[in-house]
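S.K.: no letters, just coordinates:
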């Protein structure tokens, strides 16, 4: 098994973020950072001129537009992009060829290339590829997530095939053809002229053990990815593209790599396509970090975002880079949850930049979080256009855990405990344990109220008989509000039972259908057919 990272930022453990994925994860971690600092957090499905390019999009995709407010100011965010990144900067960043021109104007290194439109013939594009010299890269001008990128094209036939796919399958007319540059694929995140995180994006790969097939190794690698809050939603997919790639390297899914042999499954390092994010911030050469900073400066008002750079070595062993693209709304999952290396706190850097007056105020509330989908429910159901999150507790947080024994597992008693918590201004949860006991966790900034909650445990004598209470300090995470997790296990068991019943019913229906078909084909049914027809005719005549 590969040596992988399972240690995350202490305030961003899987328990807090595992429910969210992709772009929702990006929005959640930035919003959570601001909320924990005492800023008022609101989620929106409508926007007042902040993000013109996404005007109608938010209504159908709630959970990616939010605002943070202090007494002095407010800022809007779309995923990881804040409103200090202008609409114009985003429009420039989305057009890869315009970005390339601006970078060239700033004397920054980019692969030599050219944009082609629907007016250009196939032969014109092929001729340009030959003038550049193979290998080349073909990609859509407005692509993202590595979709439609054909790298390391080595001849005319491969180029024509890629062109046909972009034009016919993806309906892309505007494309970029550029020289293929070698090196390692880095994503570098910059905030206010500072490099905050940098990951090497390794293409999907497995390491042989001498006995397992490639197919088995892929499944084992996916098991590792399932442990990662970001990668659990980006498994390596066995598809035609993967199979074609390994076939070109004289491999099949049933090939058995030698022990410790590294086998690549693609040439694309995108995390969403199964690539490995590996932290490289401390190892990255200073000139490459400066190149990333200068890249963002080349685009007006692009004060934070990600830069993708291919990094290679010259003859003297110095790092040289070519800028591939800029991303004003970059995903953070790979930097926050690298497969190997140290996670980097980009959300903190973003909130530091927008609300510098709150630096240091989040320390007391790093164990508090809010349920992402519960908060969004009014927006998802379209009952409102704005949802304000209950404020995070302000001040030092005190936490207690009570294990309570007796006749204490009924829902009515747990609702009473919830009332006791709310009356004292506390957050927490109650949960059934396997030994007929319950676990209660409460948290608050008033130590007296946290300690006094113990008195409320024995107050409801009509609904519960308490025989024993064990008390201890608690250092885990607590969600805002007070959850009754008491019947969760029972509910899960009921669901499984219901699923079994449904499957059994399906099987019974299937058997009845089989018997019916057999009967319809039986001799007795065929013999009595004239009688049934005559009976039907007689009944019709009477009517």
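M.R.: Good, I have the coordinates. The structure displayed is predicted, hence computed values, not measured ones.

S.K.: what helix or strand is residue 379 on?
M.R.: Using DSSP states H and E, residue 379 sits in helix 372-380.

S.K.: list the buried ones in that helix?
M.R.: 372, 375, 376, 378, 379 (16 or more other Cβ atoms under 10 Å). From N, CA and C alone the C-beta is placed, and that goes for glycine too.

S.K.: CSV for these, including pLDDT and distance to residue 415?
M.R.: Converted to CSV, these look like this (pLDDT from 0 to 100; distance: Cβ to Cβ, whole Å):
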residue, pLDDT, distance to residue 415
372, 91, 24
375, 90, 22
376, 90, 24
378, 88, 23
379, 87, 27
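
S.K.: contacting residues around residue 256?
M.R.: Contact analysis of residue 256 by Cβ atoms under 8 Å, 6 or more residues apart in numbering lists 208, 210, 211, 212, 213, 214.

S.K.: the fourth one and residue 220 touch, don't they?
M.R.: It stands for residue 212. Yes: the pair residue 212 and residue 220 passes the contact test of Cβ atoms under 8 Å, sitting 7.0 Å apart.

S.K.: can you pull the contacts of residue 134?
M.R.: 153, 154, 155, 180.

S.K.: hmm, which two among those are most spread apart?
M.R.: Between any two of those, the greatest separation by Cβ to Cβ is 12.4 Å, found for 155 and 180.

S.K.: the more surrounded of those two?
M.R.: residue 180 (19 against 12; other Cβ atoms under 10 Å).

S.K.: can I get the buried residues of helix 372-380 in CSV with distance to residue 307?
M.R.: Converted to CSV, the buried residues of helix 372-380 look like this (distance: Cβ to Cβ, whole Å):
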residue, distance to residue 307
372, 28
375, 32
376, 31
378, 37
379, 33
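
S.K.: check these and tell me the two furthest apart.
M.R.: Largest separation among those by Cβ to Cβ: 372 and 378, giving 13.3 Å.

S.K.: and residue 245, how far from residue 129?
M.R.: Using Cβ to Cβ, to the nearest Å, residue 245 is found at 21 Å from residue 129.

S.K.: what helix or strand is residue 157 located in?
M.R.: helix 156-164.

S.K.: same check, this time on residue 218
M.R.: Per DSSP H and E, residue 218 falls inside helix 214-225.

S.K.: same deal with residue 93?
M.R.: Short version: residue 93 belongs to helix 87-94, going by DSSP H and E.

S.K.: which other helices and strands contact that helix?
M.R.: helix 96-105 (3 or more Cβ pairs under 8 Å, 6 or more residues apart in numbering; DSSP states H and E).

S.K.: which parts of the helix it packs on are buried?
M.R.: Counting neighbours by 16+ other Cβ under 10 Å, helix 96-105 gives 96, 97, 99, 100, 102, 103 as buried.

S.K.: any idea which of those residues is closest to residue 119?
M.R.: Nearest to residue 119 among the buried residues of helix 96-105, with distances taken as Cβ to Cβ, is residue 97, at 14.8 Å.

S.K.: re earlier: residue 245 and residue 129 - which one has more neighbours?
M.R.: Between residue 245 and residue 129, counted using other Cβ under 10 Å, the more crowded position is residue 129 (24 against 18).

S.K.: A helix includes the more buried one, no?
M.R.: Yes: counting by DSSP: H, G, I helix; E, B strand; the rest coil, residue 129 is located in a helix.

S.K.: that one contacts residue 178, correct?
M.R.: No: between residue 129 and residue 178 there is no contact under Cβ under 8 Å: 9.8 Å.

S.K.: shared neighbours, those two?
M.R.: Joint contacts of residue 129 and residue 178 (Cβ under 8 Å, 6+ apart) are residue 136.

S.K.: show me the domain layout of this structure.
M.R.: Following automatic domain parsing, one finds the domains of the chain at 14-80+346-388, 112-179, 184-336, 398-486, 489-542.

S.K.: who wins for proximity to residue 87 among these?
M.R.: Taking these one by one with Cβ to Cβ, domain 14-80+346-388 is closest: 5.0 Å.

S.K.: give me the distance between the two termini of the closest one.
M.R.: Length of domain 14-80+346-388, first residue to last, Cα to Cα, to the nearest Å: 24 Å.
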